[in-house]
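Enquirer: here's my sequence, what's the structure:
(chains A and B)
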2 protein chains.
Amino acid sequence: MPSELPADSVGLVSPQTAHFDQPLMLACGRELPAYDLVYETYGQLNSARSNAVLICHALSGHHHAAGYHSLDERKPGWWDSAIGPGKPIDTNKFFVVCLNNIGGCNGSTGPTSINPATGKLYGGDFPVLNVIDWVHSQARLADLLGIDVWAAVIGGSLGGMQAMQWSITYPERLQHAVVIASAPKLSAQNIAFNEVARQAILSDPDYHGGQFYSHDTIPKRGLMLARMVGHITYLSDAAMGSKFGRELKTDKLNYDFHSVEFQVESYLRYQGEEFSGRFDANTYVLMTKALDYYDPAAAYEDNLSQALAQAKADFLVVSFTTDWRFSPARSREIVDALLDAKKNVSYLEVDAPQGHDAFLMPIPRYFTALRGYLNRIEL
Amino acid sequence: MPSELPADSVGLVSPQTAHFDQPLMLACGRELPAYDLVYETYGQLNSARSNAVLICHALSGHHHAAGYHSLDERKPGWWDSAIGPGKPIDTNKFFVVCLNNIGGCNGSTGPTSINPATGKLYGGDFPVLNVIDWVHSQARLADLLGIDVWAAVIGGSLGGMQAMQWSITYPERLQHAVVIASAPKLSAQNIAFNEVARQAILSDPDYHGGQFYSHDTIPKRGLMLARMVGHITYLSDAAMGSKFGRELKTDKLNYDFHSVEFQVESYLRYQGEEFSGRFDANTYVLMTKALDYYDPAAAYEDNLSQALAQAKADFLVVSFTTDWRFSPARSREIVDALLDAKKNVSYLEVDAPQGHDAFLMPIPRYFTALRGYLNRIEL
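Expert: This is a model prediction of the structure:
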């Protein structure tokens, strides 16, 4: 926390929990008998209930997108740079909703919840989720909040897939979809990286088939490796080069098998270590699976235009030049399909060195475009 | 093995072992009191001893580069497509030498050898090696074989680094250096991928600090993960896409945490599994370390031109368009430094979809250029 709350912060916020008792049918064929969704809101819902914006999180995100939970909190929510009074997603205009998706590990029902059928934690028996399941659960939350139509559904990476899916599944329920640093489906290489991360977790002896909770352990090594390999794909070669280059950790090389020699090794180990202490291994597996499965065109004869022809929303699509996880070419596939389906789409390719992570950063051209697009929305 | 030996094969070959009793001082400050080098030769050394070519292997390579060890051998040596009578590295003209480097796990002294100081296997106590150590040990082998000057030193990837280092360390002892799909030093991203592979091995409970041999186990899970992540970096996104795309393993999705859903996952697991059964974990760690440390410019005020100014050889440098491990830009750094140092250099950038692995493949334009360059060498 800064010594006082910044003027453009949404300030102190508290998560809320919505409980849903009606079963949710999932794409995998199983059903979730009941579930909780933890969410936060920023700004005020107007009397016409027309100014609500949904923020969808990515792989390791959660409901705490902006502001502070307490004055002791060291850092604000994960997208605080974008959400607040006068910020690109302006809480003076919009009522912003962000939730932790089901399957998550930040309070919503997921692998660390009790499975009512067994009385034990779900663990690796939690149903495997698809993006469309999240969209359905988010629609239930919208119902609860009295939001018939979102002014916009916004997300980066896996969050962008949710925004896209909203436009296809509930075309009447959103005016705008903002799809940032995303892709219409994973490539073989994308899946391959996810598979390495999953294998790191699944093969860790401390994983115990996903039931590590009852063994009083966590698959820390596997989760650490998963995060390390993921992290490399979030950064560009150039960003890693300018941040670390070949800088040494100490003033000389140790020349042994186990020492950290280079700063970049130290950084990666730290990232992995920190993550493995706060994230659930089963959620990680589940999120990577949802990414792999995402393929909205599959239900439309593998024709993305046909899938997006369902949409009634207008679109803003954003990509970043050095993003090699979901490169600009992947965003252009979305744009081309939208144009082919005669939809309104604005496309911005931002020249940025930060790689995939750029979508989380306050890059001037990106934020100016996002602000401009959202400012023009008539409520 | 094919039913009969192909006419352009070097045929049946047998590895030989050279023993060296004179200690080898290593760049890390330690010394190797004695060592064996396992090597193969193809073709005949001419009476002037002027037609010898050294092949340097990459991370997981070894001395068996061409021909067959027996009529039962399923596949020939790892670079059989390039080495043989009438092939680009023509054994009708050249006497070809390929060895397993020290630190390796195919017969030369390495982590699986006895440490004379302790009477036990070296394991993780084997000295960490630098590329220059290999070059020195290869020079000893040249002495033994009566080769004062190599007609060419040839290598791809980590092998290319050895060829480059030869030209700097023993400028009088080679006429040509052929540096394929290589780089003058690793980038932060390259090091990061190596670090993930190392951590996978080092953190495997079966690694036992490198002394797993005496625990009657191998760090199979770690080695498998290391190979999987390495393998992704050897292939291009495009190559993976055209080979696997999003093809499913079976005819429908399983929707669970542990099943293989996509062919690319199955392929990667197979690659990792197969590798973990035949390669030594300590050698893998050691090879990635040698890659990380390689930086010939470091001894020359970080000036690569100054380093390469030592060279008297002529150079052929080859890169492949979709290689993102050591991209064409990295080869151009070498070429630019050579031109700056007023050396003779031919440079070929091959348009090939296979990524880094292209250097092992008989791509027509690549092989035509390699053949042409080597044919023009006057012995």
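Enquirer: how much space between the residue nearest in space to the middle of chain A and A:G155?
Expert: By Cα atoms, centre = their mean, chain A has its centre lying nearest to A:A58, at 0.9 Å. For A:A58, the distance to A:G155 equals 7 Å [Cβ to Cβ, to the nearest Å]. Where you see a C-beta, it was placed from the backbone N, CA and C, and this is true even at glycine.
Enquirer: and what of A:S259?
Expert: A:S259 is 41 Å from A:G155, where distance means Cβ to Cβ.
Enquirer: and those two? Which one has more around it.
Expert: Using other Cβ atoms under 10 Å in any protein chain shown as the criterion, A:S259 and A:G155 rank with A:G155 on top: 27 against 13.
Enquirer: leaving out chain neighbours, which residue sits closest to the more buried one?
Expert: Computed as Cβ to Cβ, 6 or more residues apart in numbering or on different chains, the closest residue to A:G155 that is not its neighbour in sequence is A:C56, at 3.5 Å.
Enquirer: residue contacts, that neighbour?
Expert: A:N101, A:W134, A:Q138, A:V153, A:I154, A:G155, A:L158, A:G159, A:G160, A:Q162, A:A163 (Cβ atoms under 8 Å, 6 or more residues apart in numbering or on different chains).
Enquirer: show the pLDDT at the residue nearest to the centre of chain A.
Expert: Note for A:A58: predicted pLDDT of 97.
Enquirer: now it: which helix or strand?
Expert: Per DSSP states H and E: A:A58 is located in neither a helix nor a strand.
Enquirer: list the contacts of the nearest residue to it once chain neighbours are set aside.
Expert: Closest residue to A:A58 apart from its sequence neighbours, by Cβ to Cβ, 6+ apart: A:S157 at 4.0 Å. Residues counted as contacts of A:S157 (Cβ under 8 Å, 6+ apart) are A:A58, A:L59, A:I180, A:A181, A:S182, A:R325, A:F326, A:H356, A:F359.
Enquirer: same question, A:L235
Expert: A:K243, A:Q354, A:G355, A:H356, A:D357, B:Q189.
Enquirer: residues near the last one, how many?
Expert: Residues within reach of B:Q189, counting by other Cβ under 10 Å, total 24.
Enquirer: hmm, A:K243 and it touching each other?
Expert: No - assessed by Cβ atoms under 8 Å, B:Q189 is found out of contact with A:K243, at 10.7 Å.
Enquirer: and for the closest residue to A:D8 other than its chain neighbours, the neighbour number?
Expert: Closest residue to A:D8 apart from its sequence neighbours, by Cβ to Cβ, 6+ apart: A:G84 at 4.8 Å. Using other Cβ under 10 Å, A:G84 has 26 other residues around it.
Enquirer: how much space between A:G84 and chain B?
Expert: Distance, A:G84 to chain B, by Cβ to the nearest Cβ, to the nearest Å: 33 Å.
Enquirer: can you report phi and psi for that residue?
Expert: The phi/psi pair for A:G84 (degrees, to the nearest 10) reads phi 160, psi 180.
Enquirer: now for it: which residues touch it?
Expert: Going by Cβ under 8 Å, 6+ apart, the list of residues near A:G84 reads A:D8, A:S9, A:V10, A:Y42, A:A66, A:G67, A:D90, A:T91.
Enquirer: isn't A:S9 up against A:K75?
Expert: No - assessed by Cβ under 8 Å, A:S9 is found out of contact with A:K75, at 11.8 Å.
Enquirer: hang on, A:D36 in a strand?
Expert: Yes - under DSSP: H, G, I helix; E, B strand; the rest coil, A:D36 sits within a strand.
Enquirer: isn't it right up against A:A18?
Expert: Yes - here A:D36 reaches A:A18: they are 6.9 Å apart, a contact under Cβ under 8 Å.
Enquirer: gap between A:K120 and chain B?
Expert: Taking Cβ to the nearest Cβ, one finds A:K120 at 16 Å from chain B.
Enquirer: wait, what's in contact with that residue?
Expert: Taking Cβ under 8 Å, 6+ apart, one finds A:I114, A:S214 in contact with A:K120.
Enquirer: could you report the pLDDT at it?
Expert: Here, the pLDDT recorded for A:K120 equals 94.
Enquirer: any idea how far it is from A:F279?
Expert: Counting by Cβ to Cβ, the separation of A:K120 from A:F279 is 21 Å.
Enquirer: so which residues of the stretch 101-250 of chain A form strands?
Expert: A:114-115, A:120-121, A:152-156, A:176-180 (DSSP state E, counting those that start in this stretch).
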